[in-house]
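Participant: sequence first, predicted model second:
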Amino acid sequence: MTATSPKASAASPSASALTPVFVRLKLSLLRNGLRQSGGRRAAYITSAVLVLLFAALQLLGLILLHGTEHAATLAVLVVALMAVGWTVMPLFFPSGDETLDPTRLVMLPLRPQPLVGALLVASLVGIGPLFTLCLIVGSAIAVAQGTGAALAAVVAVPLALLVCLALARAVAAANTRLLTSRKGRDLAVLSGLVIAVGIQFVNFGAQRLGSSGGLSALDPAANVVRWLPPASAIGAVASVGEGAYGRAAVQLLLSAGALGLLLYAWQRSLVKLMTTPDGSTLAASDASRKESTGKGLAALLPEGRTGTVMLRTLRYAWRDPKTKAAWITSLAIGLIVPVFNALQGNGTVYFACFATGMLGVQMYNQFGQDTSAFWMVLQTISSTRDAYLELRARALALLLVTLPYTLLVAAVTAGMLGDWAKLPEVIGLALSLLGAMLATGSVASATLAYSIPQDSRKNVAPGQGGIAALSIFGGMVSGAVLCAPMIALAIWLHVSGHHGGLWLLLPLGAVYGALLCWAGLKVAAPRTAARLPEILTAVSSG
């Protein structure tokens, strides 16, 4: 592709010659992937059957909507959601399709235009395109009214499908450097979080629709989306059925224009990828040089072992994919539960403690995130005092995030519910819970350490599932028990009518949580110092 001589240009194959080659390549990749193991083959077949069954049900449901009042509203929104899915798919599943990485073809004498055409046709092979085609066909049938609309659907359906595929390819090509780097692997690990959060939003939206009159509430959004490609192609089918031929022509032209722009952007990205040297190593070198100066927020950390361990812990949370996924999941779910319950009208300020609990879990298995590199930490611990400082610094690193986040979630929840009077006692209970979880997490890290595999999607090494369950759930139960005095005091103040003294729970909770954390560290430190070889063995087994 980078050659410019006439001989190289003449030797470059055309799109018609490349297309069957890339289609066979895609089929070979699928076939060879299934040959790797029986488990992978069974998983693929099972997932294919489930996806196709779901697609068939969706197709049937959309067909049954034909002629109903809000069929067009639902159809254009379904196609728009499919387009969003195709847009973000390469960012979270970069390894799902090896043909998404065009840099694998950089040494071949290929020109950008035929390469784009061949890759676009090859994109039609797979379960995802078939699932998308079923939904687009169902959406077109749902809105088609009359012969003219049916003829328009013949053009609109492949056009909408090609726009979805071109979106995925253009996004993948534009972000190839990112997707093949550590940040790209981080995005893949976080895909489960995105799906979980998305389900919460879908659930909330469905509840809101049920309480606001059904699909009619979506009409304003659909009126806008029907002009956005590729949903505008399905909107054109509905417009033809209504006799608005001019509007239908404009909507089809919008989708066709979007397809052309996406193909052009994709081609430009291919040219840039295959003619520009990769400077990622230079960027990484510059970043390492900047970090080594100790400037920025790192300079605010305390001197000595405490600051060093805190910085290392925070860097794990920012750089390690597994640790980052756990942190972001806790942060997101800890906010979603109280906020969504408040939006639905059945929440309470006490749900803010849920955020504290989610983040407090990060203290459990502190040494597991070190994996086999724990041997370097082991070399620095020669006494109970060293072990205490190590655990205390890790707890302080968690507090840097957990403490302000707990206050933020409590304030947001109280503001949404308009129940500011309960904010001091909720913060006090949350702080006592945080101290209890830091205490039990320190003891669990010393006693029930387990390995976190780095080359697998599993978060626990084989054979250590029971240890992980006992560490987390046992620690959470123990933390709740340690908070029992504060909970009992809060209940007594409410029952006895001493509401004026509820504000005392804030300072008492802070002091009580700090004492619990200190006691937990004192108990865990000698166990850590005495069990260093056992901890190293446990965290290195994955």
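Facilitator: Alright, I've got the coordinates. Residues are numbered from 1 along each chain as shown.

Participant: spatially nearest residue to Leu59 (excluding sequence neighbours)?
Facilitator: Gly138 (4.2 Å; C-beta to C-beta, 6 or more residues apart in numbering). Where you see a C-beta, it was placed from the backbone N, CA and C, and this is true even at glycine.

Participant: now the one you found: how far from Ser123?
Facilitator: According to C-beta to C-beta, to the nearest Å, Gly138 stands 21 Å off from Ser123.

Participant: Pro321 now?
Facilitator: Distance from Pro321 to Ser123, by C-beta to C-beta: 27 Å.

Participant: higher neighbour count, the two?
Facilitator: Ser123 (24 against 17; other C-beta atoms under 10 Å).

Participant: please, which helix or strand holds the closest residue to that one other than its chain neighbours?
Facilitator: The shortest distance from Ser123 to any non-neighbouring residue, by C-beta to C-beta, 6+ apart, is to Leu165 (4.3 Å). Secondary-structure element containing Leu165, defined by DSSP states H and E: helix 147-174.

Participant: check which helices and strands that helix sits against.
Facilitator: helix 71-92, helix 112-122, helix 127-143, helix 231-241, helix 245-275 (3 or more C-beta pairs under 8 Å, 6 or more residues apart in numbering; DSSP states H and E).

Participant: most packed of those helices?
Facilitator: Highest mean neighbour count among the helices and strands packed on helix 147-174 (mean count of other C-beta atoms under 10 Å): helix 231-241, with a mean of 29.

Participant: which outside residues touch it?
Facilitator: With contact meaning C-beta atoms under 8 Å, 6 or more residues apart in numbering, helix 231-241 is reached by 72, 75-77, 79-80, 83, 136, 139-140, 143-146, 148-149, 151-153, 155-157, 159-160, 163, 225-227, 245, 247-249, 251-252, 254-255.

Participant: quick one: low-confidence ranges for the stretch 401-542 of the chain?
Facilitator: The model of the stretch 401-542 of the chain has pLDDT under 70 over residues 454-459, 461-463, 542.

Participant: okay, strands next: where are they in it?
Facilitator: Per DSSP state E, counting those that start in this stretch, the stretch 401-542 of the chain carries no strands over any range.

Participant: what about the helices in it?
Facilitator: According to DSSP state H, counting those that start in this stretch, the stretch 401-542 of the chain carries its helices in the segments 423-447, 465-482, 484-495, 505-530, 532-540.

Participant: so the last one versus helix 465-482, what angle?
Facilitator: This points to helix 532-540. 110 degrees (axes from the mean of the first three to the mean of the last three C-alpha atoms, to 10 degrees).

Participant: do the same with the fourth one
Facilitator: Orientation check (the same axes, to 10 degrees): helix 505-530 against helix 465-482 gives 140 degrees.

Participant: buried sites along helix 505-530?
Facilitator: The neighbour-count check on helix 505-530 (16 or more other C-beta atoms under 10 Å) flags 505-506, 508-510, 512-513, 516-521, 523-525, 527-529 as buried.

Participant: same thing with the last one?
Facilitator: Going by neighbour count (16+ other C-beta under 10 Å), the buried part of helix 532-540 is Leu532, Ile535, Leu536, Ala538, Val539.

Participant: just how off-centre is the helix holding Leu165 within its chain?
Facilitator: Distance of helix 147-174 from its chain centroid, counting by C-alpha atoms, centre = their mean, to the nearest Å, is 27 Å.

Participant: with stretch 168-175 instead?
Facilitator: Using C-alpha atoms, centre = their mean, the offset of stretch 168-175 from its chain centre is 18 Å.

Participant: pLDDT on that stretch, on average?
Facilitator: Average pLDDT, stretch 168-175: 82.

Participant: can I get it in CSV? Just the C-alpha atoms.
Facilitator: The C-alpha trace of stretch 168-175 is given here as CSV (Å, rounded to 0.1, in the frame of the first residue of the first chain):
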residue,chain,number,x,y,z
ALA,A,168,-17.4,-0.4,13.2
ARG,A,169,-14.6,-0.5,10.6
ALA,A,170,-14.0,3.3,10.6
VAL,A,171,-13.9,3.4,14.4
ALA,A,172,-11.6,0.4,14.6
ALA,A,173,-9.2,1.8,12.0
ALA,A,174,-9.2,5.3,13.7
ASN,A,175,-8.3,3.7,17.0
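
Participant: these two touch, right, Asp219 and Thr73?
Facilitator: Yes: look at Asp219 against Thr73 with C-beta atoms under 8 Å: they come within range, at 5.5 Å.

Participant: which neighbours do these two have in common?
Facilitator: Joint contacts of Asp219 and Thr73 (C-beta under 8 Å, 6+ apart) do not exist.

Participant: can you give me the domain boundaries for the chain?
Facilitator: The record's domain split for the chain, according to automatic domain parsing, is 18-185+217-276, 301-540.

Participant: residues contacting Ile535?
Facilitator: Phe367, Phe374, Leu378, Ala446, Ala449, Thr528.

Participant: next: Arg226.
Facilitator: So Arg226 contacts Ala72, Val76, Ser232, Ile234, Gly235, Ala238, Gln251 (C-beta under 8 Å, 6+ apart).

Participant: can you name the helix or strand that the closest residue to Arg35 other than its chain neighbours falls in?
Facilitator: Nearest non-adjacent residue to Arg35, counting by C-beta to C-beta, 6+ apart: Arg41, 7.6 Å away. Element membership for Arg41, per DSSP H and E: helix 38-64.

Participant: so which bits of that helix are buried?
Facilitator: Per 16+ other C-beta under 10 Å, helix 38-64 contains these buried residues: Ala55, Gln58, Leu59, Leu62.

Participant: so who does the residue nearest to Glu425 when sequence neighbours are not counted touch?
Facilitator: Excluding its sequence neighbours, the residue lying closest to Glu425 (C-beta to C-beta, 6+ apart) is Leu505, at 4.1 Å. Shown in contact with Leu505 (C-beta under 8 Å, 6+ apart): Pro424, Glu425, Gly428, Leu429, Met486, Leu489, Ala490, Leu493.

Participant: now the fifth one: how far from Lys422?
Facilitator: Counting by C-beta to C-beta, the separation of Met486 from Lys422 is 14 Å.
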